[in-house]
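[1] Please find the sequence and the predicted model below.
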Amino acid sequence: MPFGIAAFRIGVYALWPFGYTTIERRDAGAPSCIGNVLWLVLAGWWLALTHIVTGIALCITIIGIPFGIANFKLIPVSLLPLGREIVRTDEPFAAR
């Protein structure tokens with residue numbers, strides 16, 4: 001169940017990454033750490049690798065640069081999605 005929620009969080013963030021950022025939740029705890037290790041081994045590094053490759057490919061053209069930067073923003077949340085929260089760019093410090 002937590003992996004499905006994390007995948008949905010990545011999907012929502014990938015749908016519209018402009019104007020949003022991710023922050024770490026301080027109350028995540030040990031289960032999210034264990035889940036992040038499982039996610040990293042099973043799916044996270046594949047997702048991060050594809051975001052790196054597509055980000056570089058998109059940055060080749062001038063029109064693709066914002067989308068390449070958006071792909072680079074997706075790398076941390078695709079590596080370790082559990083214990084993260086998506087917030088607006090102007091509120092990352094207000095949530096802490």
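    On my side now, so go ahead. Numbers count the residues shown, from 1 in each chain.
[2] So which residues of this protein form strands?
    20-24, 84-88 (DSSP state E).
[3] any chance of those in a markdown table, plus distance to I56?
    C-beta here means a position set from N, CA and C on the backbone, and glycine is covered the same way. Below are the strands of the chain laid out as a markdown table (distance: least, CB to CB, whole Å):
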| stretch | distance to I56 |
| --- | --- |
| strand 20-24 | 21 |
| strand 84-88 | 24 |
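[4] Dump those strands to JSON lines, plus mean pLDDT, mean neighbour count and distance to A48.
    Shown next, in JSON lines, are the strands of the chain (pLDDT from 0 to 100; neighbours: other CB atoms under 10 Å; distance: least, CB to CB, whole Å):
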{"stretch": "strand 20-24", "mean pLDDT": "80", "mean neighbour count": "16", "distance to A48": "14"}
{"stretch": "strand 84-88", "mean pLDDT": "80", "mean neighbour count": "15", "distance to A48": "14"}
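[5] do you know which of the ones you listed lies nearest A43?
    The closest of the strands of the chain to A43 is strand 84-88. By CB to CB, the value is 15.1 Å.
[6] before we move on, back to that, so which of the strands of the chain gets nearest G4?
    Closest among the strands of the chain, using CB to CB: strand 84-88, at 15.0 Å.
[7] Select, out of the strands of the chain, the one closest to G68.
    Nearest of the strands of the chain (CB to CB): strand 20-24, 16.8 Å.
[8] Direction included, what does that closest one pair against?
    The partner list of strand 20-24 in its sheet, established with DSSP bridges, is strand 84-88 (antiparallel).
[9] And G19, how far from A48?
    22 Å (CB to CB, to the nearest Å).
[10] Who has more neighbours out of those two?
    Taking other CB atoms under 10 Å, G19 and A48 do not tie; A48 has more neighbours (18 against 8).
[11] Now do the same contact list for that one.
    I75, S78, L79 (CB atoms under 8 Å, 6 or more residues apart in numbering).
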